[in-house]
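Engineer: missing the sequence, but the structure's below:
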């Protein structure tokens, strides 16, 4: 088929050419046809993968070595059951916030009863707001290793918490974490001791959202490096609320 | 003029020891207002190293 003929065909039926491009254009070196076909095939994939936006269970959805910055392009909002969402995605070195923005979609974790191993051992660098408000507080493992072994994760834009959540090694080996903003109340032991790079602003956000304990004690572990970033008056905000600070 | 006195109680482990209340471990602890130094005791650094060895597992293959 000549170029002129192709142009006529394009004008007559653009979709037909896209499909033809997908099936044959590639072989003919028709880049535009190939590109259109490629985009169509991507759309087909995500439509099926996300059930046209109706998928509600995303457990293990983006797990494994196969996910990369090139192919992690979800088309529909991510909402529903989200434990182990980005599990063992060791090649997925992306700022999830940027991907979502580029794709024009959102990540809503607020309906998930468990976020165990949410981004466990992945290469992601930043996350948007993560909400724990849907977490089942009877499940002591519901937030376990949520960000565990995320050794490149430097920012969690906001973490929305509620009382009753068990922070069971939620930040275990989250060694690059610098920025986190807390919303809600923390009322159980929480350990940030692996996150020695936390900014002063992040540390104060954590301290300012600790529950005021009337009779008992809880433990906030932040490690020696982070302790050195706080004045005595700032440390006293935590201790006056009944929290042991280590 | 207003004067505020902020009490900050810090306990520090002796050389070669680590403090614990059975939940957390550290060389120094700033005590919460409801806690007492009596709830803390020292273990040797060797004992602490053993505990760490058990705690700091490798990345699990499957969870």
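Structural biologist: Arrived safely, thanks for sending. Because the structure is predicted, anything quoted here is derived from the model rather than measured. Numbering: from 1, shown residues only, chains lettered A, B, ... in the order given.
Engineer: what parts of chain A come near chain B?
Structural biologist: By CB under 8 Å from any CB of the partner chain, the residues of chain A that approach chain B are A:84, A:116-117, A:120-121, A:145, A:149, A:189, A:191, A:213-219, A:221, A:224, A:227, A:232-233, A:235-236, A:238-246. C-beta coordinates here come from the backbone N, C-alpha and C atoms, glycine included.
Engineer: in helices only, show me these.
Structural biologist: Among the residues of chain A next to chain B, DSSP state H puts A:224, A:227, A:232, A:233, A:235, A:236, A:238, A:239, A:240 in helices.
Engineer: ranges for the helices of chain A?
Structural biologist: Using DSSP H, helices in chain A cover A:3-12, A:14-20, A:26-28, A:31-49, A:96-103, A:200-208, A:223-227, A:232-240.
Engineer: I'd like the average pLDDT over the shortest one.
Structural biologist: In this model, helix A:26-28 has a mean pLDDT of 49.
Engineer: cool, the second one as well?
Structural biologist: Per-region confidence: helix A:14-20 scores 53 on mean pLDDT.
Engineer: looking at the helices of chain A, which one has the lowest mean pLDDT?
Structural biologist: helix A:26-28 (a mean of 49).
Engineer: what number of residues lie near the spatially closest residue to residue B:19 that is not a sequence neighbour?
Structural biologist: What sits nearest to residue B:19 in space, not counting adjacent residues and going by CB to CB, 6 or more residues apart in numbering or on different chains, is residue B:13, at 4.7 Å. Neighbour count for residue B:13, taken as other CB atoms under 10 Å in any protein chain shown: 21.
Engineer: then residue B:36?
Structural biologist: Residue B:36 is flanked by 10 other residues according to other CB under 10 Å.
Engineer: distance of it from residue A:143?
Structural biologist: Separation of residue B:36 from residue A:143 (CB to CB, to the nearest Å) stands at 30 Å.
Engineer: with residue A:133 instead?
Structural biologist: For residue A:133, the distance to residue A:143 (CB to CB) stands at 12 Å.
Engineer: among these two, which residue is more densely surrounded?
Structural biologist: Per other CB under 10 Å, whichever of residue A:133 and residue A:143 has more neighbours is residue A:143, with 26 against 14.
Engineer: list the contacts for the more buried one?
Structural biologist: Listed by CB atoms under 8 Å, 6 or more residues apart in numbering or on different chains, the contact set of residue A:143 reads A:115, A:116, A:132, A:135, A:165, A:166, A:167, A:168, A:170.
Engineer: cool, residue A:56 as well?
Structural biologist: By CB under 8 Å, 6+ apart, the neighbours of residue A:56 are A:79, A:80, A:81.
Engineer: mind doing that once more with 6 Å?
Structural biologist: Residues in contact with residue A:56 (CB atoms under 6 Å, 6 or more residues apart in numbering or on different chains) are residue A:80.
Engineer: do the same with residue A:210
Structural biologist: Contacts of residue A:210 (CB under 6 Å, 6+ apart): A:186, A:238, A:241, A:243.
Engineer: looking at the first one now. What's its pLDDT?
Structural biologist: Residue A:186 carries a pLDDT score of 98 in this model.
Engineer: quick check: bridge partners of it?
Structural biologist: residue A:210 (DSSP bridges).
Engineer: roughly how far apart are it and chain B?
Structural biologist: 14 Å (CB to the nearest CB, to the nearest Å).
Engineer: what about that residue, how many neighbours?
Structural biologist: Neighbourhood size, residue A:186 [other CB under 10 Å]: 22.
Engineer: do the same with the last one
Structural biologist: When counting by other CB under 10 Å, one arrives at 28 neighbours for residue A:243.
Engineer: for the second one, same thing?
Structural biologist: The local packing of residue A:238 (other CB under 10 Å) involves 23 other residues.
Engineer: circling back: among the ones in helices among the residues of chain A next to chain B, which one lies nearest to residue B:9?
Structural biologist: residue A:239 (7.3 Å; CB to CB).
Engineer: pretty sure the closest one contacts residue B:30?
Structural biologist: Yes - using CB atoms under 6 Å, residue A:239 is in contact with residue B:30, at 5.3 Å.
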